[in-house]
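Student: Just a sequence and a predicted model for now, questions to come.
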Amino acid sequence: MLKQMEGSRAVAEAVALCRPEVICAYPISPQTHIVEALGEMVKEGALASCEFINVESEFAAMSVAIGASAAGARSYTATASQGLLYMAEAVFNAAGLGLPIVMTVANRAIGAPINIWNDHSDALSQRDSGWLQLFAETNQEALDLHIQAFRLAEELSLPIMVCMDGFILTHAFERVDMPTQEQVDAYLPAYSPRQVLDPDEPVSIGAMVGPEAFMEVRYLAHAKQMEALKLIPAYAAEFKAVFGRDSGGLMHTYRSEDAETIIVAMGSVLGTIKDTVDEMRDSGHRIGVLGITCFRPFPVAAVADALRQAKRFVVLEKSMAIGLGGILAVNVRMAVTGMGLKGYTVVAGLGGRAITMKSLHALFRQGEKDELEPVTFLDLDWKAVNKQLEREKAHRRSGPVAEALLRDVGIVGARNY
Amino acid sequence: MSFQPVKFYQTGTFTVGNRLLPPEERSVQSDSKRFNSINSGHRACQGCGEALGARYAIDAAMEAADGRIIAANATGCLEVFSTPYPETSWQIPWIHSLFGNTAAVATGIAAALKVKGKTGTRVVAQGGDGGTTDIGFGCLSGMFERNDDVLYICYDNGGYMNTGVQRSSATPAAARTSTTPAVGAEPGNVFGQGKFLPAIAMAHDIPYVATATVADLRDLEAKVTRAMEIRGARYIHILVPCPLGWGTASHDTIRMARLAKETGIFPVFEAEHGEIKSVLAIRRPLPVEDYLRPQKRYAHLFGKQPRIDVIAHLQAQADRNIRKYGLQARKGGH
Amino acid sequence: MFQVRIHGRGGQGVVTAAEMLSVAAFDEGRHAQAFPSFGSERTGAPVVAFCRIADREIRLREPIMEPDAIIIQDPTLLHQVDVFAGLKQDGYILINTSKTFDQLGLGDMVRDWNPARLCTVPAMELALKHVGRPVPNVPLLGGFAAVAGVLQLESVIKAIEERFSGKVAAGNVAAAREAHAIVKAEMEQAVKGDVTHA
């Protein structure tokens, strides 16, 4: 059914349709509306047979999910930013134990300096945790990915993060097609755990493993993620059969068939990129888009195939490997090793910096002419940066960096439009 | 008290099984059909108080729950010695997740059982004092505050023994650990620090809080049994001497636990909804020196120049416990 | 694509207004995307919300930098925040006020503006009158329906009724209708040239 609603609400309703049994919640912007909505559904009885637990931290949220999942319950939580880092130890643990928890990450920057706005630093900091990571482009896809995620997680016995851009998607009101309970029930079977804490068949979960078997346990987690590379497209195809739309999968290409330049990105910025590419196509540019939906496992072969015919690729990412450049870019470069492609890394949109069509037009034109630096920082305020560098040269006690920059550029959040 | 106290003169021995008692009054552990939840063959040190305490506590919980217990276990000695891959001593469903999240994992298990209508299966969480009073405290307090249906058992040996005897917030004053060495003007752990978690648990107004030691194992069993009669958050704090960390003989574990109680160093009581309901009385209080002297972690108090001042300070702490918890048996009482 | 930017202060229902605009557009079978400026939404702080309306899927995620219309819920923002930044020439301006553009000190700015695109409505008074609360967002939406011809009043009313219920809904509907009538009259007069705002 078509509805005009907030992204967070849409995800909450989709999660509810998946019949979760235990939901744990700890407030952090911008995921809060999701668990608020779920909490209300549980309390008013609309979401029956579900325990909603207000925990005291994100670390507890993931830990409660671990316990619930190990006891055989379909478990869900949501977080963002500092919250994801605060639960990091339990995030790795959930994956190591092979517990199919589904978690929404409403992507947000990581401090310091504290910043509530969107980028992908939080999720990408956990890229090697053993979780699958799916990135939504729209609220429709965010909603759909949650339904696919429960099925995928439970089939693989691995946890999944569904990542959606904080505020840009979570707080956006837009049209979504909300599936029916019957559709979701037809697609998502009941949870049948591989391991469960059960007095009738006692097992020990989480025993200490020494050097004699640790690598094997780790390799098996890798092997399962490789298996996911096959399951994800298959489940997306089944999803289309039940729900009638393309959603999920490993990645999406857009106007890339004859493209010389392909822009690679993840998440909601793909929309702005596509609009830009449409305009450039209209004026004869051979440019296309590769949107990565599945970041973990990283679809190395599929990415290589998608980029094979191009002359160059520009990875535009809302994340940064400080001291190196890009994170997504490194993964893409790994996929095209030996293919002789030119590749550029563009770090953009950190901490909610708006990514505009105007800037993208200029950037992509530079890219086409191979005029980009290996690593570019889109719309970086060089004046502010250089001023601070000068200040640090001039004074030993130059003070806190963030405060100095804010004095130079104005108040927090002053440039949101 | 919910069980028949056994007078030592009745048995003439401190033997734990009390086989001289009528069968219905015997301990869970003396029953040949006991659950053996944590089986023999584990790798605990000789004389490990924690292994003993866990064996009694979990078997008593199993007895109370008709064999339907799921346990969550913090990282620490108990976890390490009971599950060296690929072996496990646990005959019950058991999960170890992390050091600091055991109470929350137990909350999750309890939630799953509730939602699935399996409320006949009960949840026990357990950890050492480090995993309980320090790194796991946030999750524990959260579990208490929500009154989740979990029995949390802390095996308190007064330090991080698994990592080589470092100080925890349950390490007693003046005790030597690897991180509070017996050097300087004030050797050992600092006075005025540390916390007594049972009192903090009581402050959460949870339905049941009790302390116990491995010296009074029938009392320990009775408290676990009582705790299992109640729904909601329950906490039992068991003093479990550690021969390695305390520097005591392996055969002295139970004696040390008894001395901790008889000197007033460790008050043994039970409380419901924040109110103390009963105490294990001390018949003839012993001087703390009797408890301190056999332990190498206090050896620096008894050197060429005995630290009478420090011993007096510890005696004052014990005396305060006796007053505060009303531990002294009434004259004319048993 | 028609792009609206709404300025107000935390507590005035700025974000709600953008969301309701999008719902009204959705009810007309159109695509719409509403989103807040994210962040300082504390009571009294300047808040911005956006709404795009189009006849095809809206993929663009950049903030609205060149709006077709601006709704100003709180005139005290006029000289604090650059509310008109990027507004297209002859874009629509709707201000919650009982003053004229001249009285607000905007006379010079809008001197060459198409007068039919400059509207004011005493939304706060209408809200107090009909709803009993000083929340000007809904009456302004009623007024907006009269301004640009992008949305029908009835769609706005439907969106109000989806959002609120009972007395609050009825009051807001009444306030929106009155605001719509006021703005419509203003615009008709402006087209006739009887009144110029400048």
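Tutor: Noted; the coordinates are in hand. Residues are numbered from 1 along each chain as shown, chains lettered A, B, ... in the order given.

Student: What pLDDT is listed against residue B:334?
Tutor: Looking at residue B:334, its pLDDT reads 43.

Student: Report pLDDT for the residue lying closest to residue B:136 once chain neighbours are set aside.
Tutor: Closest residue to residue B:136 in three dimensions, ignoring its sequence neighbours and counting by Cβ to Cβ, 6 or more residues apart in numbering or on different chains: residue B:100, at 4.6 Å. In this view, the C-beta of every residue, glycine as well, is placed from N, C-alpha and C. Predicted confidence (pLDDT) for residue B:100: 98.

Student: Do I have it right that residue B:100 meets residue B:138?
Tutor: Yes: contact criterion Cβ atoms under 8 Å: residue B:100 and residue B:138 qualify, at 7.4 Å.

Student: where do the contact lists of these two overlap?
Tutor: Jointly contacting residue B:100 and residue B:138 under the rule Cβ atoms under 8 Å, 6 or more residues apart in numbering or on different chains are residue A:59.

Student: and the two? which has more neighbours close in?
Tutor: Using other Cβ atoms under 10 Å in any protein chain shown, the more surrounded residue of residue B:100 and residue B:138 is residue B:100, with 25 against 18.

Student: residues in contact with that one?
Tutor: A:59, A:89, B:74, B:131, B:135-136, B:138-139.

Student: how near is it to residue B:177?
Tutor: Per Cβ to Cβ, to the nearest Å, residue B:100 is found 20 Å from residue B:177.

Student: Quickly note the distance from the spatially most central residue of chain C to residue C:3.
Tutor: Centroid-nearest residue in chain C: residue C:71, 3.6 Å away (criterion: Cα atoms, centre = their mean). Noted for residue C:71: a distance of 12 Å to residue C:3, by Cβ to Cβ.

Student: sorry, back to before: look up phi and psi at the residue nearest to the centre of chain C.
Tutor: Dihedral angles phi and psi of residue C:71 (degrees, to the nearest 10) take the values phi -110, psi 130.

Student: and the gap between it and residue C:33?
Tutor: Distance of residue C:71 to residue C:33, given as Cβ to Cβ: 16 Å.

Student: Now residue B:151. Its backbone dihedrals?
Tutor: Dihedral pair for residue B:151: phi -100, psi 120, per degrees, to the nearest 10.

Student: Give me the pLDDT value at it.
Tutor: Each residue has a pLDDT score; the one for residue B:151 is 98.

Student: shouldn't it be in contact with residue B:231?
Tutor: No: taking contacts as Cβ under 8 Å, residue B:151 lies outside contact range of residue B:231: 10.2 Å.

Student: Can you pick out the residue with more neighbours from those two?
Tutor: Neighbours were tallied for residue B:151 and for residue B:231 using other Cβ under 10 Å; the higher tally belongs to residue B:151 (26 against 14).

Student: Show the contacting residues for the more buried one.
Tutor: If you count contacts by Cβ under 8 Å, 6+ apart, then residue B:151 has B:61, B:122-125, B:224, B:227-228, B:234-236 around it.

Student: now do residue A:15
Tutor: With Cβ under 8 Å, 6+ apart as the criterion, the residues that contact residue A:15 are A:23, A:34, A:38, A:76, A:102, A:104, A:146.

Student: give me that answer again for 7 Å
Tutor: Under the criterion of Cβ atoms under 7 Å, 6 or more residues apart in numbering or on different chains, the neighbours of residue A:15 are A:38, A:76, A:146.

Student: which stretches of the stretch 201-334 of chain B form helices?
Tutor: Per DSSP state H, counting those that start in this stretch, the stretch 201-334 of chain B has helices spanning B:217-228, B:243-246, B:253-262, B:288-292, B:308-325. These are given in chain order.

Student: now residue B:275: how far from residue B:87?
Tutor: When Cβ to Cβ is applied, the distance between residue B:275 and residue B:87 equals 44 Å.

Student: Comparing these two, which residue is more hemmed in?
Tutor: residue B:87 (13 against 9).

Student: Assess the claim that residue B:313 and residue B:191 are in contact.
Tutor: Yes: distance between residue B:313 and residue B:191: 6.2 Å, which falls inside the contact criterion (Cβ atoms under 7 Å).

Student: What segments of chain C are strands?
Tutor: Read by DSSP state E, chain C holds these strands, from start to end of the chain: C:2-9, C:31-36, C:46-54, C:69-72, C:92-96, C:118-121.

Student: Output those in a markdown table, with distance to residue A:218 appended to each entry.
Tutor: Converted to a markdown table, these look like this (distance: least, Cβ to Cβ, whole Å):
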| stretch | distance to residue A:218 |
| --- | --- |
| strand C:2-9 | 50 |
| strand C:31-36 | 41 |
| strand C:46-54 | 46 |
| strand C:69-72 | 56 |
| strand C:92-96 | 61 |
| strand C:118-121 | 65 |
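
Student: which stretch among those comes nearest residue C:183?
Tutor: Set against residue C:183 and scored by Cβ to Cβ, these come closest in strand C:118-121, at 5.0 Å.

Student: Which neighbouring elements make contact with the closest one?
Tutor: For strand C:118-121, the helices and strands in contact under the criterion 3 or more Cβ pairs under 7 Å, 6 or more residues apart in numbering or on different chains; DSSP states H and E are strand C:92-96, helix C:137-147, helix C:166-192.

Student: other SSEs contacting the last one?
Tutor: Spelled out, that is helix C:166-192. If you count contacts as 3+ Cβ pairs under 7 Å, 6+ apart, helix C:166-192 packs onto strand C:118-121, helix C:123-130, helix C:137-147, helix C:153-163.

Student: Flag every buried residue along it.
Tutor: C:168-169, C:171-180, C:182-184, C:186-187, C:190 (16 or more other Cβ atoms under 10 Å in any protein chain shown).

Student: How far does it sit from its chain's centre?
Tutor: From the chain centre to the centre of helix C:166-192 is a distance of 12 Å (Cα atoms, centre = their mean, to the nearest Å).

Student: State the pLDDT value of residue 289.
Tutor: Since you didn't name a chain, this refers to chain A. Each residue has a pLDDT score; the one for residue A:289 is 98.

Student: My question was about chain B, not that one.
Tutor: The predicted local confidence for residue B:289 comes out at a pLDDT of 98.

Student: repeat for residue C:112
Tutor: 88.

Student: Same question for residue A:409.
Tutor: Note on residue A:409: pLDDT of 82.

Student: on that earlier part again, close enough to count as contact, the residue nearest to the centre of chain C and residue C:93?
Tutor: No: contact status for residue C:71 versus residue C:93: not in contact, 8.3 Å apart, counting by Cβ under 7 Å.

Student: and residue A:201, backbone torsions?
Tutor: For residue A:201, the backbone dihedrals are phi -150, psi 70 (criterion: degrees, to the nearest 10).

Student: check contacts around the closest residue to it other than its chain neighbours.
Tutor: Residue nearest to residue A:201 in three dimensions, not counting chain neighbours: residue B:93, with 7.9 Å by Cβ to Cβ, 6+ apart. Going by Cβ under 7 Å, 6+ apart, residue B:93 touches A:197-199, A:202-203, B:70.

Student: of the residues you listed, closest to chain C?
Tutor: Using Cβ to the nearest Cβ, the shortest approach to chain C within the contacts of residue B:93 belongs to residue A:197, at 41.5 Å.

Student: Let me know which of the helices and strands packed on strand C:118-121 is the nearest to residue A:125.
Tutor: Distance to residue A:125, taken as Cβ to Cβ, is lowest for helix C:137-147 among the helices and strands packed on strand C:118-121, at 38.6 Å.

Student: What residues of stretch A:228-239 count as buried?
Tutor: By neighbour count with 16+ other Cβ under 10 Å, stretch A:228-239 contains the buried residues A:228-229, A:231-233, A:235-236, A:239.

Student: scratch that, stretch A:210-224
Tutor: Within stretch A:210-224, the residues scored as buried using 16+ other Cβ under 10 Å are A:221, A:224.

Student: In the stretch 301-417 of chain A, where is pLDDT below threshold?
Tutor: For the stretch 301-417 of chain A, the stretches with pLDDT under 70 are A:411-417.
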